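**Student:** Okay, here's the prediction I keep looking at, along with the sequence it came from:
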Amino acid sequence: MLPAATLSIVTLGATARYQRGAMLDALAQPFVRTARAKGLGERAVRWRHAWPNALGPVLALFGLWLPLLVAGSVFVEQVFSWPGLGTLAADAIQARDYPVIMGTTLLVAFAVVTGTLAADLLHRAVDPRVAA
């Protein structure tokens, strides 16, 4: 439980601040002022108009979580003495086991590409204005 909490708490604070900034930017846009002028309640303005527009940048940030979880596990596994991919990579670096180092690096690179692709596809699904 503790290693999972450590990996998630690291990203939680930064993501909350990023989401707050994106929401404040969306609330300052002219379409939000127009929605308020139409007489919509504050809840409808925030959830129907501002939230979908503030969600795009945060989805891009979520795409970077996957590589962070894979690469961040190196430190967490060392601290908590858990065997795993991070420990394997650290041991391979100390032993100069180049094939294992290349394999773990390839896995992290695959996580970066997969996370970025998933974030782009989610952003396109949430915001139809994103070009194909």
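**Tutor:** Alright, I've got the coordinates.

**Student:** From now on I want contacts and neighbour counts done on CA atoms only, so please keep to that.
**Tutor:** Will do.

**Student:** Contacts for stretch 43-54 next, please.
**Tutor:** Contacting residues not belonging to stretch 43-54 are listed as Gln19, Ala22, Met23, Asp25, Ala26, Leu27, Phe31, Val32, Ala35, Arg36, Val126, Asp127 [Cα atoms under 8 Å, 6 or more residues apart in numbering].

**Student:** typo on my end, stretch 112-130
**Tutor:** Residues from elsewhere that reach stretch 112-130, judged by Cα under 8 Å, 6+ apart: 52-53, 55-56, 59-67, 131-132.

**Student:** Helix or strand with the lowest mean pLDDT in this structure?
**Tutor:** None of the helices or strands of the chain scores lower by mean pLDDT, DSSP states H and E than helix 65-80, at a mean of 79.

**Student:** May I have that one exported as PDB, CA atoms only?
**Tutor:** Once non-C-alpha atoms are left out, helix 65-80 reads as follows in PDB (Å, rounded to 0.1, in the frame of the first residue of the first chain):
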ATOM      1  CA  TRP A  65       1.800   9.600 -15.600                       C
ATOM      2  CA  LEU A  66       2.400   6.200 -17.100                       C
ATOM      3  CA  PRO A  67       6.100   6.800 -17.800                       C
ATOM      4  CA  LEU A  68       6.500   8.500 -14.400                       C
ATOM      5  CA  LEU A  69       5.000   5.500 -12.700                       C
ATOM      6  CA  VAL A  70       7.400   3.100 -14.600                       C
ATOM      7  CA  ALA A  71      10.500   5.300 -14.100                       C
ATOM      8  CA  GLY A  72       9.600   6.400 -10.600                       C
ATOM      9  CA  SER A  73       9.300   2.900  -9.500                       C
ATOM     10  CA  VAL A  74      13.100   2.700  -9.500                       C
ATOM     11  CA  PHE A  75      13.400   5.000  -6.500                       C
ATOM     12  CA  VAL A  76      10.300   3.600  -4.700                       C
ATOM     13  CA  GLU A  77      11.500   0.000  -5.000                       C
ATOM     14  CA  GLN A  78      14.900   1.000  -3.700                       C
ATOM     15  CA  VAL A  79      13.400   2.800  -0.700                       C
ATOM     16  CA  PHE A  80      10.900   0.100   0.200                       C
END
